[in-house]
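1. sequence and predicted structure, then a few things I'm wondering about:
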Amino acid sequence: MKRIITLLMVAVMIIGLFVLTGCTEAERVSQNLSQEADNFNVVRQLTVINCIQGDVLFQMTGKMSITSDNTDHQLEVIVEDENGLYQKHFIGLSDNVTYVVEQKNFKNVDKYKYTLNYNPKMWIPVGVKNID
């Protein structure tokens, strides 16, 4: 009788452990995708948008790890080049600038190549004067 009670208690504890520590499939998939992206295995497209005018400031596409630094109000984007070296880019965020990160499923994409496209309308023209 004692053995049956002990077995039942162990079974209840094991079931309780699975119920309390279980996570949903969506949480597991999200964690796996984030880990793959941080390991530079996922092609992403980062789009930064001016919310006041609705203009795209720039887009960056490639295999990259993206971290939002809320303290400094910026995105930190790390990319790896073909030599195994890393580059880190900082993108400042404000009340009127937001961003979207999309996962892309490109075929035959070079792991070490990324593109960065700026919106030319967003640049302020600068004139240079020669002083004689």
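-> Yep, it's here.
2. OK, contacts around Val101?
-> Residues in contact with Val101 (CB atoms under 8 Å, 6 or more residues apart in numbering) are 44-47, 66. (Each C-beta comes from the backbone N, C-alpha and C, glycine too.)
3. most widely separated two among those?
-> Greatest spacing in the contacts of Val101, by CB to CB: Thr47 and Ile66 (11.7 Å).
4. show me which of the two is the more surrounded one.
-> Neighbour tally, Thr47 and Ile66, criterion other CB atoms under 10 Å: the higher count belongs to Ile66, 19 against 16.
5. thinking again about what came up before, which of the contacts of Val101 fall within strands?
-> In this view, those that belong to strands under DSSP state E are 44-47, 66.
6. ok, how many other residues are close to Glu60?
-> If you look again at residue 60, you'll see it is Met, not Glu. Count around Met60 with other CB under 10 Å applied: 23.
7. run me through the strand neighbours of the host helix or strand of it, direction for each.
-> Per DSSP states H and E: Met60 is located in strand 55-69. Partners of strand 55-69 in the sheet, by DSSP bridges, are strand 43-50 (antiparallel), strand 74-80 (antiparallel), strand 114-118 (antiparallel).
8. turn these into a markdown table, including mean pLDDT and distance to Gln59.
-> Shown next, in a markdown table, are the strands paired with strand 55-69 (pLDDT from 0 to 100; distance: least, CB to CB, whole Å):
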| stretch | mean pLDDT | distance to Gln59 |
| --- | --- | --- |
| strand 43-50 | 88 | 5 |
| strand 74-80 | 90 | 12 |
| strand 114-118 | 63 | 5 |
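9. what would the ones you listed look like in a markdown table with distance to Thr61?
-> Converted to a markdown table, these look like this (distance: least, CB to CB, whole Å):
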| stretch | distance to Thr61 |
| --- | --- |
| strand 43-50 | 4 |
| strand 74-80 | 10 |
| strand 114-118 | 5 |
